[in-house]
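Enquirer: Predicted model and sequence below, questions to follow.
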Amino acid sequence: MQTDYTIIGGGVIGLSIAYELLKKNFSVTIFNVTGPTTASLAAGGMLGGQNEFSEPSPLFDLAIESRAQHSVLATELDALTGIDVELIPSGLLKVATQPSDMPSLTQQYQFLTTQPATPVLWRKANEVEPLMSDLGQGIHITGDHQVKARQLTKALTKAVQLLGGTIIAEHVRKINTATLTTDNGHYHYQHLIVAAGAWSKQLVPQLPMYPVKGECMMLRVQRAPRTTIFAADGCYIVPKKNNEVLIGATSYPHQSDAGVTAGGIQSLLTRAIAMMPSLQHAQIIETWCGVRPQTIDELPIIGAISPHIYCCTGHYRNGILLSAITGKLVSEALIGDVNAQQRLAPFSPYRFI
Ligand SMILES: Cc1cc2nc3c(=O)[nH]c(=O)nc-3n(C[C@H](O)[C@H](O)[C@H](O)COP(=O)(O)OP(=O)(O)OC[C@H]3O[C@@H](n4cnc5c(N)ncnc54)[C@H](O)[C@@H]3O)c2cc1C
């Protein structure tokens with residue numbers, strides 16, 4: 001059966017678009033084969049609306065709006081699916097672990113204090129989080145909360161199915177003008193949305209994108225921190241439910257294999273334990289990796305590339321945060337909402353031409 005919209009990719013981006021379109025009573029089919037490195041199942045789940053910005057960006061307002069939408073979405077998804085996305089209002093403490101990180105941290109603090117979002121505070125790190133080593137001052141971002149990314153993906157998948165969406169577990173090999181090809185045959189589509197994360201370039205080769213692999217691990221601790229800790233060098237400690245603590249993430253540009261390396265895990269543990277010594281007693285529950293979809297100018301690619309094909313990808317390390325606003329604005333833009341189209345204009349694929 002041909003539906004109004006066909007989406008390739010069932011990570012948080014494709015699912016969020018499907019969810020919003022289904023709420024507007026359109027019919028949707030998603031083609032998705034979950035891989036061992038699907039980013040949405042690998043993410044730390046931080047909603048870093050302020051943490052991720054240290055200079056003006058067309059993404060900043062969207063990030064702040066999306067962060068706020070996650071609380072509404074969490075309630076909506078729980079009511080519809082019974083799945084708790086584990087939104088934890090932990091706030092985030094950004095710290096410098098070496099003197100050379102201090103100038104960038106100070107500059108970020110100065111930038112954030114000029115922006116109209118939740119106030120940020122310059123505070124002594126181990127007063128905010130008593131389990132921390134004495135690292136001097138850090139930026140306390142009280143509004144940057146977090147979810148469990150796997151739960152969010154699971155809840156969105158179930159919501160899409162409950163609202164009548166169809167999910168087909170077939171690998172799309174090729175896109176043609178009005179059909180797509182999987183290993184099982186050809187499917188006609190009316191409007192196609194490519195939201196295949198780091199694999200979008202395999203379907204639309206002209207997209208200027210590349211994969212960035214990242215490794216994470218989950219630990220079980222006796223006493224969990226109360227705040228997310230984010231070091232300026234990229235290592236983070238995110239307290240989850242049931243005394244679990246997520247440690248992330250390494251970063252390997254242009255890599256997309258599914259292997260977790262001993263060196264990667266060692267580097268994360270060394271940095272995390274230096275920030276929070278009690279982690280040396282934690283049990284390792286699981287290690288994994290995922291592949292972030294990055295673009296050459298570090299902004300997502302959102303917009304039509306032909307009359308019937310729309311792309312939505314390249315959310316790099318903020319796709320969980322940005323999924324809520326992306327789903328909302330893309331669903332509105334697709335049905336001709338001029339305001340949504342204008343807000344998405346900075347991310348048009350045509351900016352590269
Ligand atoms: C280690 C790590 C930590 C992260 N931490 C955070 C964080 O704390 N906060 C945050 O906001 N973001 C974080 N991110 C980024 C976030 O996870 C991504 O930006 C987001 O998940 C991208 O979602 P997506 O739907 O575009 O891609 P994906 O989640 O990768 O989904 C794409 C899906 O499409 C499928 N697919 C691809 N090609 C095809 C095809 N041809 N046919 C059928 N199916 C196909 C893939 O298998 C996959 O299931 C992190 C990412 C990683 C890797």
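Expert: That came through fine. Numbers count the residues shown, from 1 in each chain.

Enquirer: From the chain's centroid, how far away is stretch 219-226?
Expert: Put simply, stretch 219-226 sits 23 Å off its chain's centre (C-alpha atoms, centre = their mean, to the nearest Å).

Enquirer: burial measure for whichever residue of the stretch 201-350 of the chain sits closest to the ligand, as a count.
Expert: Nearest to the ligand in the stretch 201-350 of the chain, going by C-beta to the nearest ligand atom, is residue 319, at a distance of 2.1 Å. Placement of C-beta: from N, CA and C, glycine included. By other C-beta atoms under 10 Å, 24 other residues sit near residue 319.

Enquirer: Contact partners for it?
Expert: Residue 319 is in contact with 11, 12, 13, 39, 40, 43, 197, 292, 293, counting by C-beta atoms under 8 Å, 6 or more residues apart in numbering.

Enquirer: go with 6 Å
Expert: 12, 13 (C-beta atoms under 6 Å, 6 or more residues apart in numbering).

Enquirer: and it, what element?
Expert: Using DSSP states H and E, residue 319 maps to helix 319-334.

Enquirer: Report the buried residues of the helix or strand just after that helix.
Expert: Per DSSP H and E, the first helix or strand lying C-terminal to helix 319-334 is helix 338-344. The neighbour-count check on helix 338-344 (16 or more other C-beta atoms under 10 Å) flags 340, 341, 343, 344 as buried.

Enquirer: who touches the nearest residue to the second one once chain neighbours are set aside in this structure?
Expert: Take residue 341 and drop its neighbours on the chain: the residue closest to it by C-beta to C-beta, 6 or more residues apart in numbering is residue 333, 4.7 Å away. Each residue near residue 333 by C-beta under 6 Å, 6+ apart is listed here: 340, 341, 344.

Enquirer: Could you rerun that using 10 Å?
Expert: 302, 303, 304, 310, 312, 339, 340, 341, 342, 343, 344, 345 (C-beta atoms under 10 Å, 6 or more residues apart in numbering).

Enquirer: which one among those residues gets closest to residue 258?
Expert: Of all those, residue 258 sits closest to residue 312, with 24.1 Å by C-beta to C-beta.

Enquirer: Which secondary structure state does that closest one sit in?
Expert: Look at residue 312: counting by DSSP: H, G, I helix; E, B strand; the rest coil, its state is strand.

Enquirer: you'd agree it is up against residue 348?
Expert: No. Using C-beta atoms under 10 Å, residue 312 is not in contact with residue 348, being 11.5 Å away.

Enquirer: Fine, thanks again, bye for now.
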